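*Asks:* Just the structure for this:
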Amino acid sequence: MPRKKPFSVKQKKKQLQDKRERQRSQTERKGKYYNSTSSDSEPQAPPRVAKLNEQPIKSSDIRSNRYRLQFFQESKEEIEKNKKLARQPYTPVSEKDLEVDLETIYLPGSVLDIPKRPPWDYNLSKEQLDAKEEEYFKKYLDNIHSQYSPKELSYFELNLETWRQLWRVLEMSDIILLIIDIRHPAVHLSPALYDHVIDDLGKSLILILNKFDLVPPALVIAWKHYFQEKFPKLHIVCFSSFPNGKNNSKFQTADPGKVLHKRKKRGKFSAIGPLALWHACQNIVKDEVDLSSWKKKIEANTGSDESDLVSTVHNDVLDTTFQKHVRYKDGIVTLGCIGYPNVGKSSLMNGLVGKKVVSVSRTPGHTKHFQTIFLTSTVRLCDCPGLVFPSRVPKQLQILCGIYPIAQVREPYSPLMYLAQRVNLVKLLKLQHPNSESSCPESQSWSAFNICDALALKRGFITARTGRPDMYRAANYLLRTAVDGQLCLCFRPPDYTENKDFWKNHAETEALKTMQSQHHQRRRSSSSDSSVVSNISSDDDLSSDEGAKQLEKQQSHVLKSRCFATKKELEGDKEISLISKNPFLNLESD
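*Replies:* Residues are numbered from 1 along each chain as shown. Reported below is the predicted structural model:
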């Protein structure tokens, strides 16, 4: 990353003018909010709403920003308070403290349950239905803030348009796929959503444990059984769109918080889990829908041409305001993909297809509206924008989960301290304390600011004007590596620490390891076969007269091009041997 350059006065003036213009174009939030926890009965000013991923508006029409993320924004006093706490030395937590219970996060049966679409019929016009939904959603927010202050709540979606997208997808889908990140599964699964899909809508729900290759298989199986006990009607499938290229046993057995993972390269999609998902869907639809074509696509996905894997892609906003749902209409099953931002919904759809058909991004809120993809003539996928449900999750954890865009984080030090208490950053990053020359940096007392200072010095993050360590850039760098999975913060189900050996020796854990090993073996064999074919074809070409002339041209071009060898290596027969071994080698004469 290039060094930061300071703004000129002219650029700063233009930036402030644009900011004021955006603020004038934003509509003020209606209604007043009261802090019931305060002893003072006087009404407080409504909390500021942060509107993320907002597009510049050149006219009075604001429909271009109707799908932007909206969260409550922290005040300057709260930010300064968090900064002071981040300067204090932190105390690491034990592994037992990483166990999370679902009931303590969502408080089922409270006002924090998800908003449900109000009843409607065909006698209502579009304007009447919109007004009815707006009135309901306003009352829903008022009920929440009458019992909880913004400080007690996590970030959650305040944009009615995004909730409407969820309502549309739930209505038009036959089977709901709830995608969660296996590193933080308790954060991403709302019990109210399960009750709404199973009891109110009467539809089947499949839980996708995505990115399962980032944590040990024993932890995956432990979470799977935890959710099966909590939600008996839930179907659970393990999935990974970008499995690790190497089947390293160190990452399968070690504590993920004590291992520095390599960043995944998003190359060709080679997903693990499509066949298990097919089995789950087949058990649900039985003989009502023919899924044989989907199974053939899955079996042929590894070796055949991928150009015919998708029939149709629709990325336009679909108006389903007055669409009555008919189950398995025209012999087509619709799979609705829902979940939090940045859990891999779009990547899962690309993994099912076998190539990129849906745009993906590490920034939450990238998918603005739901989009449909026909996987086969009888299977349709529907991708819903990521949506954050109301909960009691700490805001620092939400940032580390990728729910809140890191680029919009105004104070990154408190989430970094939350991460440092649960992951040994000093040991993983091999940091040296900035205020000590001790040979054992782990024995020193560390704060979040010390970690940022040490990393900035190690990585060369220096501010342009003063030449000091850029701690803000270092903090953002660490938060991004945590979201990407290089610094793996993962949580455990209740009682996992005491029963760790039981889950390590569980039969399903061994089966999951075997499935991963077989997948990696197939990938290696397919790659080796393709390389052998390419070598044979190249040898056949070079055996002919035209191939000999082509090789001679390449050799002469190599001699004239740049090289990276020394004079001694180019003396005598060494020059010819280098060229004959690799005709594409670039050599540079000294």
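*Asks:* Show me the shaky parts of the chain.
*Replies:* 1-4, 27-72, 242-270, 302-324, 358-370, 437-443, 523-590 (pLDDT under 70).
*Asks:* what's the distance between Phe502 and Arg465?
*Replies:* Applying C-beta to C-beta, to the nearest Å, the value for Phe502 to Arg465 is 57 Å. C-beta here means a position set from N, CA and C on the backbone, and glycine is covered the same way.
*Asks:* More neighbours: the two, which one.
*Replies:* Taking neighbours as other C-beta atoms under 10 Å, Phe502 and Arg465 compare with Phe502 leading, 13 against 8.
*Asks:* buried sites along the helix or strand harbouring Cys281?
*Replies:* If you go by DSSP states H and E, Cys281 is part of helix 274-285. The neighbour-count check on helix 274-285 (16 or more other C-beta atoms under 10 Å) flags Pro274, Leu275, Ala276, Leu277, Trp278, Ala280, Cys281, Ile284, Val285 as buried.
*Asks:* That one packs against which elements?
*Replies:* Judged by 3 or more C-beta pairs under 8 Å, 6 or more residues apart in numbering; DSSP states H and E, the packing partners of helix 274-285 are strand 175-181, strand 204-210, strand 235-239, helix 292-300, strand 333-339, helix 345-353.
*Asks:* Between these, which one is closest to Leu479.
*Replies:* strand 175-181 (15.5 Å; C-beta to C-beta).
*Asks:* which other helices and strands contact whichever helix or strand comes after that closest one?
*Replies:* Downstream of strand 175-181, the next assigned helix or strand under DSSP H and E is helix 185-188. Helices and strands touching helix 185-188, by 3+ C-beta pairs under 8 Å, 6+ apart, are strand 175-181.
*Asks:* can the helices and strands packed on helix 274-285 go into CSV with extra columns for distance to Ser110?
*Replies:* Conversion of the helices and strands packed on helix 274-285 to CSV gives the following (distance: least, C-beta to C-beta, whole Å):
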stretch, distance to Ser110
strand 175-181, 21
strand 204-210, 21
strand 235-239, 26
helix 292-300, 40
strand 333-339, 21
helix 345-353, 27
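*Asks:* among the ones you listed, which is nearest Lys10?
*Replies:* Of all the helices and strands packed on helix 274-285, helix 345-353 comes closest under C-beta to C-beta, at 39.5 Å.
*Asks:* After the closest one, which helix or strand is next?
*Replies:* Moving toward the C-terminus from helix 345-353, the next helix or strand (DSSP H and E) is strand 371-374.
*Asks:* partners of that next one, with directions?
*Replies:* Sheet partners assigned to strand 371-374 using DSSP bridges are listed as strand 312-314 (antiparallel), strand 379-383 (antiparallel).
*Asks:* domains of this structure?
*Replies:* 82-105+392-436+443-496, 157-245+266-389 (the TED database).
*Asks:* For those, could you give me CSV that also reports distance to Glu127?
*Replies:* As requested, the domains of the chain are exported to CSV (distance: least, C-beta to C-beta, whole Å):
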stretch, distance to Glu127
domain 82-105+392-436+443-496, 33
domain 157-245+266-389, 11
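*Asks:* Out of these, flag the one nearest Ala511.
*Replies:* By C-beta to C-beta (comparing all of the domains of the chain), the closest turns out to be domain 157-245+266-389, at 8.8 Å.
*Asks:* about what we covered before: out of the buried residues of helix 274-285, which is nearest to Tyr136?
*Replies:* Once C-beta to C-beta is applied, the member of the buried residues of helix 274-285 that ends up nearest Tyr136 is Ile284, at 31.0 Å.
*Asks:* quick one: contacts for that closest one?
*Replies:* Shown in contact with Ile284 (C-beta atoms under 8 Å, 6 or more residues apart in numbering): Ile175, Ser204, Ile206, His235.
*Asks:* Gln147 contacts Val111, doesn't it?
*Replies:* Yes. Taking contacts as C-beta atoms under 8 Å, Gln147 lies within contact range of Val111: 5.7 Å.
*Asks:* Report the buried residues of stretch 470-482.
*Replies:* Buried-residue list, stretch 470-482, by 16+ other C-beta under 10 Å: Asp470, Met471, Tyr472, Arg473, Ala474, Ala475, Asn476, Tyr477, Leu478, Leu479, Thr481, Ala482.
*Asks:* So which of these is the closest to Lys96?
*Replies:* Ala482 (21.3 Å).
*Asks:* if I pick that closest one, what's in contact with it?
*Replies:* Leu400, Leu419, Val423, Cys488, Leu489.
*Asks:* quick one: the third one and Ile462, what's the gap?
*Replies:* To tie it back to what came earlier, the one meant is Val423. For Val423, the distance to Ile462 - C-beta to C-beta - is 26 Å.
*Asks:* So which of the two has more stuff around it?
*Replies:* Each of Val423 and Ile462 has its neighbours counted (other C-beta under 10 Å); Val423 has more, 23 against 15.
*Asks:* Make sure I have this right: the more buried one is in a helix.
*Replies:* No. Going by DSSP: H, G, I helix; E, B strand; the rest coil, the assignment for Val423 is coil, not a helix.
*Asks:* doesn't Gln486 make contact with it?
*Replies:* No. Val423 lies out of contact with Gln486 (C-beta under 8 Å); the separation is 10.6 Å.
*Asks:* number of nearby residues for Asp213?
*Replies:* 26.
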